Every structure is written in structure tokens, then in C-alpha cells.
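>>> The following comprises the amino acid sequence and a computationally predicted model.
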Amino acid sequence: MNLIAEGAITFETEGAFYNPKMVLNRDINVAMAGTLDLSDYLDALSASGVRGLRVAREAGVQKVTLNDFSPQACQLIEKNLSRNGLAGTVTCINANVLLHEQHFQAVDLDPFGSPSAYLSAASRSARSYLFVTATDTAPLCGAHLNSGIRKYMARPLCTDYHREMGARILLGLAARELARLDKAMQPMLTHVTDHYVRTYLRVIKGAKEADKCLQELGYVEHCPSCGNFVLRDEPLLEGQCRHCSASTALAGPLWLGRIQETQVIEKALSWKGLSRRAIKILGTCSREIDAPMYYDHHSICERLRITPGKIDDTIKRLQESGYRASRTHFSGLGIKTDAMMPEVEAAIRPA
């Protein structure tokens, strides 16, 4: 028997999938579940059950349901619950069937690969919160274009800001799936870490709220030549870069609204037991300005054929010029700002 300790639980994994590289994901998940004071939580694709078990023990959620389609995995979950002295409901059913049959305060989708096959049913089931992980970053970020279009009903592009592109493509699909059910979403925390996208959504009922939510969808007109980008409400058949006059490409539809809720994230930061890396990610997310996409500092320097200076100095110059600017968790070389490319280049160039 191979026992693994993670957080405050001990568990077996034999016969079920377990990814030790997702510990950080689960650490932050516990902090968010505790911050939101959840009372009812579904781990729709449980495998070994580690995610749901940690939510029950560490976040103190009273009603936790752990589901998996595999009978062997469900037997393992029962054993892991017993080993940790926890009570929980274990269901052995196709996740989409369960999500159509029952409603939960919080629904958590953490699949192997894309969550797109489950988002419609999860949107129906979630009463207050929807948490989603996507590990298929290649389709989301534009590296596998056709796969991204099929799974997310949107066109991603592989750009310098591809990590945020992937997150907003996922959020765009979630917004559309919820809107079909007269529901809206408010992203509280969205982070792209290692090989996955993770987002925590507040779900709000009402057709009017859904209509407002859909107004946050749009497109990004991107210039492959210089890296300039422009946000668009409507798609364009073809475009020309206003900065270098090259032909542009269009990404979307995707989410252009807020992706972080500072108050919630700061509360999660006070959760005991967070690793240094989790604290760094949450702290950076809480300080990010609300501006879609980001500029890659070194990519611009390479194009301008200049030696890169300090990113913080560029951010300071942008702020002194009246623009909002910040670092971003998406990339250590990224600059979030409401300035356009000419202003960013001017801030980067040495005096």
C-alpha cells in the first residue's frame, strides 16, 4: 500500500488517476473554498478524491459530494474517506448525468484535458459557484488552432500573451454556456500556472444579468508583425495594424471583462498553510490592473534591437505618463497596461 500525504489528509491512489503536479492548484482551491465559506461542494471528476477530501477537511465544507464514473475509483474514494475520518457522499455516475440531475452550491470541474464537454451541464447544476480547470493549453492558446475552435467555439491565436488568451477563451465559453440558462458569471480568481488554466466563477441568476455578462465578450485584433493588439466589440473580416500597417488576425469571441476580484483574493491570501509560490501567485493576481492581455517586454526589446532594461522601470515610466500599468502573473516578462504599443515602446526605450 502506497500512502500519500497532501495537505491535512492521507490517501491511496492505486487504481485512480493522481497528479502530484497539481498540489498548488488544490492548495489554492482549499483557500478559495474556505474564503467563500462553502456549505455544499461537488468534485465532479474525483479520481482518488484528494481534491474533495481536502475541501472537506481543510476548508471545513460540511456537504461534499465526490463523483467518478469508475467503480474502482469510487471504492478508493470510500477508503480514503474512511481513512481520514470524513463523511462524504460518493456517487458513481457519468458526470454530465449527475450535473443534469442535481444542483450544488459549488461545482468543481477538474478534468484531464478540456472541460468543454462538461461546461453545459455544470452551468445548469451550479447554484452559486463554478470552478474550472483546463489542462489542454495547446488548443486554448492557439498552438492547436482547429482543436481550440472545435472545443471552445472560438478562434485562439498563438501570441506573446497566449497564456492570457487561453484563459479568456475558456472564460468566454463559460459565459456563453451560463447565458443560455439565464445566468451570469463574475470571475473572482483566474490564474494560468504551469500547464493549466484555473478559474473561480461566481454564478448569478437572471436574464438581465446574463445580457450584461455577454456584453463583456469581444475580440482581439492582433498584429503578428509588431505585436500590437486592439480590443474589438465586433469581428472584422480583415484589418490593418494602426502601428505598422501590416495585416492583422482576429481572436475570439473571448472574455474581455474582469478576471480578478481583489477583495476575494486578498481574503484567500490570509488562509493558513499556503506555500510561498501560492502566495506569490495570489499576490500578483490581486495587484494586476484590469486590462485585457499584456505586452512581452523582451519580445518588444528584441524587435526594437535594444538591450532590455528593468521591467519595473518601464512600468514606472508608463504610470508617470498617466497610464495604468502593472506586472502580471501570466508571465514574468509581461506588462499589463492600458497604453498602446507606441506608448509602451517609448517607455521601454532608453532615455
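Good, I have the coordinates. Computed from a predicted structure; not experimentally measured.
>>> Could you tell me the end-to-end distance of stretch 270-278?
11 Å (C-alpha to C-alpha, to the nearest Å).
>>> buried stuff in that stretch?
By neighbour count with 16 or more other C-beta atoms under 10 Å, stretch 270-278 contains the buried residues 271, 274, 278. Every residue, glycine included, has its C-beta placed from N, CA and C.
>>> what number of residues lie near the residue nearest to residue 33 when sequence neighbours are not counted?
Distance criterion C-beta to C-beta, 6 or more residues apart in numbering; nearest residue to residue 33, sequence neighbours excluded, is residue 59 at 3.9 Å. A count of nearby residues for residue 59, using other C-beta atoms under 10 Å, gives 20.
>>> just the one 10 residues further on next, same as before
Residue 69 is surrounded by 16 other residues when neighbours are defined as other C-beta under 10 Å.
>>> quick one: contacts for it?
Contact partners of residue 69, counting by C-beta atoms under 8 Å, 6 or more residues apart in numbering, are 92-95.
>>> so it, which of the three states?
Secondary structure, DSSP: H, G, I helix; E, B strand; the rest coil: residue 69 is coil.
>>> quick one: it and residue 111, what's the gap?
Residue 69 sits 11 Å away from residue 111, going by C-beta to C-beta, to the nearest Å.
>>> next one: residue 333
Distance from residue 333 to residue 111, by C-beta to C-beta: 30 Å.
>>> same thing with residue 292?
Here the criterion is C-beta to C-beta. By it, residue 292 lies 26 Å from residue 111.
>>> cool, residue 349 as well?
Taking C-beta to C-beta, one finds residue 349 at 45 Å from residue 111.
>>> and residue 330, backbone torsions?
Dihedral pair for residue 330: phi -60, psi -30, per degrees, to the nearest 10.
>>> May I have the residues that are in contact with the nearest residue to it once chain neighbours are set aside?
Spatial nearest neighbour of residue 330, excluding adjacent residues (C-beta to C-beta, 6+ apart): residue 163 at 4.5 Å. Applying C-beta under 8 Å, 6+ apart to residue 163 gives the contacts 137, 141, 192, 330-331.
>>> so how far is stretch 250-264 from its chain's centroid?
10 Å (C-alpha atoms, centre = their mean, to the nearest Å).
>>> start to end distance for that stretch?
Terminal residues of stretch 250-264 are spaced 33 Å apart (C-alpha to C-alpha).
>>> coming back round to it: more crowded one of residue 349 and residue 111?
Counted by other C-beta under 10 Å, residue 349 and residue 111 do not tie: residue 111 has more neighbours, with 18 against 14.
>>> quick one: that one from residue 286, how far?
Separation of residue 111 from residue 286 (C-beta to C-beta): 27 Å.
>>> what do you get for residue 176?
Note on residue 176: its distance to residue 286, by C-beta to C-beta, is 27 Å.
>>> cool, and residue 135?
Taken as C-beta to C-beta, the span from residue 135 to residue 286 is 24 Å.
>>> so how far is the top helix by length along the chain from its chain's centroid?
For the chain, the helix with the greatest residue count under DSSP state H is helix 162-179. Helix 162-179 sits 8 Å away from the centroid of its parent chain (C-alpha atoms, centre = their mean).
>>> Start the count at 261 instead of 1 going forward.
Got it, first residue is 261 now, which makes that one helix 422-439.
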